[in-house]
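S.K.: Show me the folded form of this:
(2 chains)
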Amino acid sequence: AQSVTQLDSQVPVFEEAPVELRCNYSSSVSVYLFWYVQYPNQGLQLLLKYLSGSTLVKGINGFEAEFNKSQTSFHLRKPSVHISDTAEYFCAVIPYNTDKLIFGTGTRLQVFP
Amino acid sequence: ETGVTQSPTHLIKTRGQQVTLRCSSQSGHNTVSWYQQALGQGPQFIFQYYREEENGRGNFPPRFSGLQFPNYSSELNVNALELDDSALYLCASSPRTQETQYFGPGTRLLVL
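M.R.: Prediction:
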């Protein structure tokens, strides 16, 4: 069975500081990887995805993530956060042999002025 | 291009009742997936429809059922509602199976 682990349930950070949100996955088959963001009382918005090719992927709002196959990780980074980045962030995978997204439990990013 | 839309936005039901949630997929997308997101949790896969046929199901009981229509819109039906069914229900559409999924705003269901 596949699973996604987001190691930090909450990440507090000051505005303009860098941030990394960690994501590890477990799967017996290869996977596609995704990060979604959820603002309060809203649905999920796609931040970025890794399907193949370069392991460093860039997304919207200045976020990027790096796929590390040997460590089965897909950490999300931003060099300088804004107050508006305060939200819940979900890492997710689609294993090659299924069609369903498997989500982690989420990381709440709280940006303080 | 219209994104994924869901209706209603909020719903209150009592235990034992039945509910139908609706989803309109993004233009050009023939695959719809449904997810349940309990408070403080990540979304859990309920099932997926591809070209009007169920194409995979998560660990949910048969009282969770669905439909996809020829225009690729979809319904999620839940019978015999239980208190634990209270959650945000998310619909996502994609151009094909195993493609990137784009989510609607969700329907928040409260079961009393």
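
S.K.: Which residue is the nearest non-sequential neighbour of the closest residue to chain B within chain A?
M.R.: Of all residues in chain A, the one sitting closest to chain B is A:Phe103 (3.5 Å; Cβ to the nearest Cβ). Any C-beta I mention is one placed from the backbone N, CA and C, and that applies to glycine too. When the adjacent residues along the chain are set aside, A:Phe103 lies closest to B:Gly42, with 3.5 Å between them (Cβ to Cβ, 6 or more residues apart in numbering or on different chains).

S.K.: can you count the residues close to that neighbour?
M.R.: Residues near B:Gly42, counting by other Cβ atoms under 10 Å in any protein chain shown, number 22.

S.K.: Was I right to think it contacts A:Thr105?
M.R.: Yes. Taking contacts as Cβ atoms under 8 Å, B:Gly42 lies within contact range of A:Thr105: 4.9 Å.

S.K.: residues from chain B in reach of chain A?
M.R.: B:4, B:6, B:31, B:33, B:35, B:40-45, B:48, B:50, B:55-56, B:58, B:90, B:92, B:97-98, B:100-106 (Cβ under 8 Å from any Cβ of the partner chain).

S.K.: where do the helices sit along chain A?
M.R.: Shown for chain A, no helices are assigned by DSSP state H.

S.K.: Find the helix or strand that the residue nearest to A:Phe103 is a member of.
M.R.: Using DSSP states H and E, B:Gly42 falls within no helix or strand.

S.K.: residue ranges with poor pLDDT in chain A?
M.R.: By pLDDT under 70, chain A has no low-scoring segment.

S.K.: Now do the strands in it.
M.R.: Along chain A, the stretches classed as strands by DSSP state E are A:3-5, A:10-14, A:19-21, A:24-26, A:31-38, A:44-50, A:56-58, A:64-68, A:73-78, A:87-95, A:102-103, A:107-112.

S.K.: again, but for chain B
M.R.: Residue ranges of the strands in chain B, as given by DSSP E, are B:5-7, B:10-13, B:19-24, B:31-37, B:44-50, B:53-57, B:64-68, B:74-78, B:87-94, B:102-103, B:107-111.

S.K.: residues touching the residue nearest to A:Phe103, list them.
M.R.: Going by Cβ atoms under 8 Å, 6 or more residues apart in numbering or on different chains, B:Gly42 touches A:4, A:90, A:92, A:103-106.

S.K.: can you tell me which two in those are farthest apart?
M.R.: The span of the contacts of B:Gly42, defined through Cβ to Cβ, is set by A:Ala92 and A:Thr105 at 11.1 Å.
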